[in-house]
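Q: need coordinates for the below:
(one chain, ligands or ions: 1)
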Amino acid sequence: MAEIKNVVVPDIGNFKDVAVIEVAVKAGDKVSAEQALISLETDKATIDVPAPFAGVVKEVKVKVGDKVSEGVLIVTIEATAGAAAAPAASSAPASVAAAPAPVPKPAVVAAPVAAAPTAPVSSGASAHASPSIRRFARELGVNLAQVGGSGEKGRVTKDDVQNFVKRSLAGGGTSTGGTLPGLLPWPDVDFAKFGAIEAKPLSRIKKISGANLHRNWVMIPHVTQFEEADISEMEAFRKELGAEYAKQNIKITPLAFMLKACAITLKHFPDFNASLDASGENLILKKYIHIGVAVDTPDGLMVPVIRDVDQKGIVQLAKELGEVSAKARDKKITAADMQGGCFTISSLGGIGGTAFTPIINAPEVAILGVSRSSMKPVWKDGEFVPRLMLPLSLSYDHRVVDGAAGARFTTYLAHVLSDMRRLAL
Ligand code: CAO
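A: This next block holds a predicted model:
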């Protein structure tokens, strides 16, 4: 005959009178070994108490809100014939009907702490949920950070996860490209109620680049690192070179120097000249340096790629830059011209601004934003001297690049730009 065994609160360290925050089973439920029965919460951690063996729950002896300590009876379970105690407890006695069944090691997660206001991304680690709910969410591929918690103190419950999945499946396409799981739908406002309006359809390029930008913004945990490079010497040289090549109709802009400096820096930091593969588990390091350049056209943004930048000189790069931007603006650019990039430069220096946060061009790892240079007083050798400073904004994928590496990259890049000799290396 099947035995009915007691399951008690196992050793949970020094905690006493711990609150039951979730009861995951009821009488009649079939449970498997290790399945969570109840969740407990201390001020430091959330603990799942798992079933020590498979069987059918006969009685549940606790309810949400009860306070329990080690040894308190939680449930009774009629063990499935032949069910062995879970491995963690296999050496303990399991056959005496009235004796408490040995309970496997409880699953513990640290209690949530408030995420830093600047935390670039949430993987769900800061969501308030018990280990069993975390496991449930993981099995369904749900990011807990996106699920609103309706439980006590904002805790995410099983119902919250299920409702989230239902909402996500029901959230079909909208004019804004689909509702992201957990987000409110785009506001549908009758603007004409407030004054005259005119509808202007987005260009084809804007629609394509918009969808890409949206995906990249949502899927990549961006961090932007800012830096200023002293380009006083570089600018003097650029002007000289510019006068020389004007006759050949080659315009030497700061961007040609930026391309070269980035190629040198990418060589020095190979993890930036790389892409995550589709599985997200491998970084593909590239042995070539092709750099995309964002070009503003009347129809929208295009990013032609300049190949083997490390192997070309400033004049050649300036020439190619002129050619590709003209091609983009004349709508002659092909899909092949925009493929194969390892890194992107987006320069708004010809327009203005002091800094911005560019969006990474997936599957690249980083993008450099360049703003307008300006003369600034710089403290040098005991006095302020006027120097031409170029603002740089590097956005990088924080899954691949650590903050320290991001800062090293921009520092190195600024160094290369301020020391012309390094461009020749
Ligand atoms: N600081 C100061 N002046 C700068 C500068 C900088 N960082 N960068 C360029 N300039 C100057 C150039 O020297 C040039 O001056 P002159 O006409 O007096 O010689 C002027 O600004 C215009 O430069 P340009 O725009 O013709 O050339 P470029 O090589 O700097 O840029 C290109 C080429 C194609 C990148 C640019 O035309 C462009 O389209 N920029 C916009 C990119 C963009 O939209 N990015 C945003 C993407 S996210 O939406």
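
Q: quick check: residues of the stretch 201-350 of the chain near the ligand?
A: Selection of the stretch 201-350 of the chain residues close to the ligand by Cβ under 6 Å from any ligand atom yields 253-255, 293-296, 301, 321, 325, 346-350. (Glycine included, C-beta is placed from N, CA and C.)

Q: among those, which lie within strands?
A: Judged by DSSP state E, the subset of those located in strands is 293, 295, 296, 301, 346, 347.

Q: between all of these, which two are separated the most?
A: Maximum pairwise distance among those (Cβ to Cβ): 12.2 Å, between 301 and 347.

Q: what touches both of the two?
A: Residues touching both residue 301 and residue 347 (Cβ atoms under 8 Å, 6 or more residues apart in numbering) are residue 294.

Q: more neighbours, the two?
A: Neighbour count, other Cβ atoms under 10 Å: between residue 301 and residue 347, residue 347 has more, with 22 against 17.

Q: how about the stretch 301-425 of the chain: which residue is closest to the ligand?
A: Closest approach between the stretch 301-425 of the chain and the ligand, counting by Cβ to the nearest ligand atom: residue 349, at 2.0 Å.

Q: I misspoke; the intended subject was the stretch 101-250 of the chain.
A: Counting by Cβ to the nearest ligand atom, the stretch 101-250 of the chain gets nearest to the ligand through residue 242 (7.1 Å).

Q: one step back: just the buried residues out of the residues of the stretch 201-350 of the chain next to the ligand, in ChimeraX syntax.
A: The command below creates a ChimeraX selection of those among those that count as buried (16 or more other Cβ atoms under 10 Å):
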select :253,254,255,293,294,295,296,301,321,325,346,347,348,349
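
Q: what's the farthest-apart pair in the residues of the stretch 201-350 of the chain next to the ligand?
A: Between any two of these (Cβ to Cβ), the greatest distance is 19.6 Å, for 254 and 301.

Q: just the strands in the stretch 51-200 of the chain please.
A: 55-60, 67-68, 73-79, 100-101, 107-110 (DSSP state E, counting those that start in this stretch).

Q: comparing those strands, which gets the lowest mean pLDDT score?
A: Note on these: strand 100-101 shows the lowest mean pLDDT, a mean of 44.

Q: what does the stretch 1-150 of the chain have sitting close to the ligand?
A: Counting by Cβ under 6 Å from any ligand atom, no residue of the stretch 1-150 of the chain is near the ligand.

Q: output the below-cut-off pLDDT ranges for the stretch 1-150 of the chain.
A: Within the stretch 1-150 of the chain, the set of residues satisfying pLDDT under 70 comprises 1, 43-44, 82-127, 145-146.

Q: ok, 80 please
A: The stretch 1-150 of the chain contains residues with pLDDT under 80 at 1-2, 13-14, 42-46, 81-132, 135, 138-150.

Q: okay, helices next: where are they in it?
A: Under the criterion DSSP state H, counting those that start in this stretch, the stretch 1-150 of the chain carries helices at the ranges 131-140.

Q: how about the stretch 301-425 of the chain?
A: Under DSSP H, counting those that start in this stretch, the stretch 301-425 of the chain gives helices at 314-329, 403-418.

Q: now the last one: average pLDDT?
A: In other words, helix 403-418. 98.

Q: mind listing what's buried in it?
A: 406, 408, 409, 410, 412, 413, 414, 416, 417, 418.

Q: nearest spatial neighbour of the residue of the stretch 101-250 of the chain closest to the ligand, chain-adjacent residues omitted?
A: Nearest non-adjacent residue to residue 242, counting by Cβ to Cβ, 6 or more residues apart in numbering: residue 252, 4.3 Å away.

Q: surely residue 220 meets residue 361?
A: No: look at residue 220 against residue 361 with Cβ atoms under 8 Å: they stay out of range, at 9.8 Å.

Q: quick one: residue 298 from residue 385, how far?
A: Distance of residue 298 to residue 385, given as Cβ to Cβ, to the nearest Å: 42 Å.

Q: which one's more surrounded, these two?
A: Using other Cβ under 10 Å, the more surrounded residue of residue 298 and residue 385 is residue 385, with 12 against 8.

Q: pLDDT score for that one?
A: 98.

Q: pick out the residue closest to the middle of the chain.
A: Centroid check for the chain by Cα atoms, centre = their mean gives residue 221 as the closest residue, at 2.6 Å.

Q: just checking, that residue touches residue 402?
A: No: judged on Cβ under 8 Å, residue 221 makes no contact with residue 402 at a distance of 11.9 Å.

Q: burial of the residue nearest to residue 81 when sequence neighbours are not counted, as a residue count?
A: Spatial nearest neighbour of residue 81, chain neighbours left out: residue 2 (6.0 Å); criterion: Cβ to Cβ, 6+ apart. Neighbours of residue 2 under the rule other Cβ under 10 Å: 14.

Q: let me see the domain layout of this protein.
A: 4-115, 119-169, 223-424 (automatic domain parsing).

Q: so residue 52 is in contact with residue 8, correct?
A: No: applying Cβ under 8 Å, one finds residue 52 not in contact with residue 8, separated by 9.8 Å.

Q: which of those two has more residues huddled nearby?
A: Shown here are residue 52 and residue 8; by other Cβ under 10 Å, residue 52 has more neighbours (30 against 20).

Q: distance of that one from residue 79?
A: 9 Å.

Q: need the residues touching each of these two.
A: residue 5.

Q: ranges for the helices of the stretch 151-300 of the chain?
A: Going by DSSP H, counting those that start in this stretch, the stretch 151-300 of the chain shows helices at 158-170, 204-219, 232-246, 254-268.

Q: out of those, which one sits most buried?
A: The highest average neighbour count among the helices of the stretch 151-300 of the chain, using mean count of other Cβ atoms under 10 Å, belongs to helix 254-268 at a mean of 23.

Q: how many neighbours does the closest residue in space to residue 31 that isn't next to it in sequence have?
A: With sequence-adjacent residues excluded and distances taken as Cβ to Cβ, 6+ apart, residue 31 is closest to residue 51, at 4.5 Å. Neighbourhood size, residue 51 [other Cβ under 10 Å]: 28.

Q: now do residue 9
A: Burial of residue 9 is recorded as 23 neighbouring residues (other Cβ under 10 Å).

Q: start at 784, not 1
A: With 784 as the first residue, the last one maps to residue 792.

Q: from what I see, it and residue 849 are in contact.
A: No: Residue 792 lies out of contact with residue 849 (Cβ under 8 Å); the separation is 10.6 Å.

Q: follow-up on the earlier one: so which of the helices of the stretch 1084-1208 of the chain gets nearest residue 997?
A: Comparing these under Cβ to Cβ, the one sitting nearest is helix 1097-1112, at 21.5 Å.
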